[in-house]
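Undergrad: This is the structure alone, sequence omitted:
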C-alpha cells in the first residue's frame, strides 16, 4: 500500500505545476490529519517502561546511528559538493542524520511477518523516536556553529 501511494504521488507530480499545486492545496488538511494520526499511533506502540528500562541501550544505539549517518553523509557529500564550502556539507549531513519515519513502517511489517522479535521492534521504535527528537537539536547546533565561522574557514 505504501509503495502504491508513493507511485501515485510520483505519477501526479509529472502532470505539471498547476495541477500539483491544486492537489496540494486540496489535500493539505488531510496530510496534516494523517500525519498527526500516524505519529499518535506510533506513540501508542512505545512502552514507557521499556524505554526507561532500556534507556542506556536506546541512548547509546541512537547516538551510534545518528553519528554514523551524519559522518557517512558528510563523507559522501564531500565528494559531491565543491571543496570550497564544507559548511554546507555538515549542515546537510546533520539534516540527514535522523532515522526516517519509514523505519516505523518497515519495522511494523517485519514484526507482523515474524522477522523481528518484540524486543527488537521496540528497540527500533525507541531509536527512531529518539533520533527524530534529536534531529532539531542537531540541526540547530550545526546551523548555529557554522553561522559563526568565517566563510574562509574550511572545516573538515
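TA: Yep, it's here. All values reported here derive from a predicted model rather than from experimental measurement.
Undergrad: Contacts for stretch 54-63, please.
TA: 51, 122, 123, 126, 127, 130, 131, 134 (C-beta atoms under 8 Å, 6 or more residues apart in numbering). From N, CA and C alone the C-beta is placed, and that goes for glycine too.
Undergrad: need the contact list for the residue nearest to the last one when sequence neighbours are not counted.
TA: Taking C-beta to C-beta, 6 or more residues apart in numbering as the measure, residue 134 lies nearest to residue 66, with 6.1 Å between them; neighbours along the chain are not counted. Residues in contact with residue 66 (C-beta under 8 Å, 6+ apart) are 97, 98, 99, 131, 134, 138.
Undergrad: rewinding a little: now, which of the contacts of stretch 54-63 sits nearest residue 14?
TA: Closest approach to residue 14 among these (C-beta to C-beta): residue 131, at 32.4 Å.
Undergrad: Could you list every helix and strand that the helix or strand hosting residue 104 packs against?
TA: Using DSSP states H and E, residue 104 sits in helix 102-112. With contacts defined as 3 or more C-beta pairs under 8 Å, 6 or more residues apart in numbering; DSSP states H and E, helix 102-112 has these neighbours: helix 118-148.
Undergrad: Report the distance from the helix it packs on to the chain centre.
TA: For helix 118-148, the separation from the chain centroid amounts to 8 Å (computed by C-alpha atoms, centre = their mean, to the nearest Å).
Undergrad: what angle separates it from helix 102-112?
TA: Between helix 118-148 and helix 102-112, the angle comes out at 170 degrees (axes from the mean of the first three to the mean of the last three C-alpha atoms, to 10 degrees).
Undergrad: Going by neighbour count, which residues in helix 118-148 are buried?
TA: 121-132, 134-135, 138, 142, 146 (16 or more other C-beta atoms under 10 Å).
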